[in-house]
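> sequence and predicted structure, then a few things I'm wondering about:
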Amino acid sequence: MPRHTNNVYLTFDDGPHPQITADVLTQLEQYNAKASFFCIGNNILKFPEVFKQVAAKGHAIGNHTFNHVNGWKTANRDYYRNILKCQELMQTKLFRPPYGKITREQTRVVSTRFDIIMWDVLAGDFDLRVNGEKCLDNVIKNIRPGSIVVFHDSEKAAEKMLYALPRVLEFIAEKKWNCAPLKY
């Protein structure tokens, strides 16, 4: 993303989740911050009201496949079908491959319909070897204007993400940067 602005882009993968996503929305609202949520289709079906709340609050929505499939381990046709099944539940041009794993051929096909969004800062909140302090450190040491930061609004990552997020938002506020949603 452009480095000449003061925008940073916080993103959340794997939701929506009724409690965790709600906690993220509360934190973001306290800082008047907007973010982008890369949602799993199956979770949208389980928690449609939470999904609607994310969009209603002005955050960007992205496709993260229906079942969180790994592009490197999934036949192309099945991968595309999984993306399109998720897309039936939303209107977006944003796509993030689960695990960041997508083949060259998949990229060629998917990019005809979506903007594939990767990242430059990985919080590591999903990693069982990383604690909340390390997750915070991963972001603070690497974020700069134009950065796309990955957090996860999932049960696996919740404790670490919810430790780091308010501190990251405070850091961003001190820098006078703006948390913006990705445009599509």
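Thanks, I have the structure now.

> going forward, measure contacts and count neighbours with C-alpha atoms only.
Noted.

> quick one: contacts of the biggest strand by length in the chain?
The strand that spans the most residues within the chain, counting by DSSP state E, is strand 7-13. Defining contact as Cα atoms under 8 Å, 6 or more residues apart in numbering, one finds that strand 7-13 is touched by 34-40, 64, 143-154, 177-182.

> repeat for stretch 123-137
Residues lying outside stretch 123-137 but in contact with it, judged by Cα under 8 Å, 6+ apart, are 138-139, 149-152, 156-161, 163-165, 167-168.

> so of these, which ones are in helices?
Applying DSSP state H to those, the entries found in helices are Asn138, Val139, Ala158, Glu159, Lys160, Met161, Tyr163, Ala164, Leu165, Arg167, Val168.

> list the contacts for the first one?
The neighbours of Asn138, taking Cα under 8 Å, 6+ apart as the test, are Val121, Leu122, Ala123, Gly124.

> do the third one as well
Remark: with contacts taken as Cα under 8 Å, 6+ apart, Ala158 is in contact with Ile20, Asp125, His152.

> of the residues you listed - the most surrounded one?
Counting neighbours by other Cα atoms under 10 Å, Asp125 leads those with 28 neighbours.

> I'd assumed that one was in a helix, is it?
No - secondary structure of Asp125, determined by DSSP: H, G, I helix; E, B strand; the rest coil: coil, with no helix assignment.

> so how far is Gly146 from the closest residue to Glu155 other than its chain neighbours?
Of all residues beyond its chain neighbours, the one nearest Glu155 is Ile20 (7.3 Å), with distances taken as Cα to Cα, 6 or more residues apart in numbering. Separation of Ile20 from Gly146 (Cα to Cα, to the nearest Å) stands at 26 Å.

> what does Leu122 give?
The gap separating Leu122 from Gly146 is 14 Å, by Cα to Cα.

> can you pull out the helices in the protein?
Read by DSSP H, the chain holds these helices, from start to end of the chain: 20-30, 41-46, 48-56, 76-87, 104-110, 132-140, 158-175.

> which strands border the longest strand of the chain, and is each parallel or antiparallel?
Paired strands of strand 7-13, with direction, are strand 36-39 (parallel), strand 148-152 (parallel), strand 178-179 (parallel) (DSSP bridges).

> quick one: closest of those strands to Gln87.
strand 36-39 (10.0 Å; Cα to Cα).

> mind checking the end-to-end distance for stretch 141-152?
From the first residue to the last, stretch 141-152 extends over 19 Å; the measure is Cα to Cα.

> I am finished for the moment; much appreciated.
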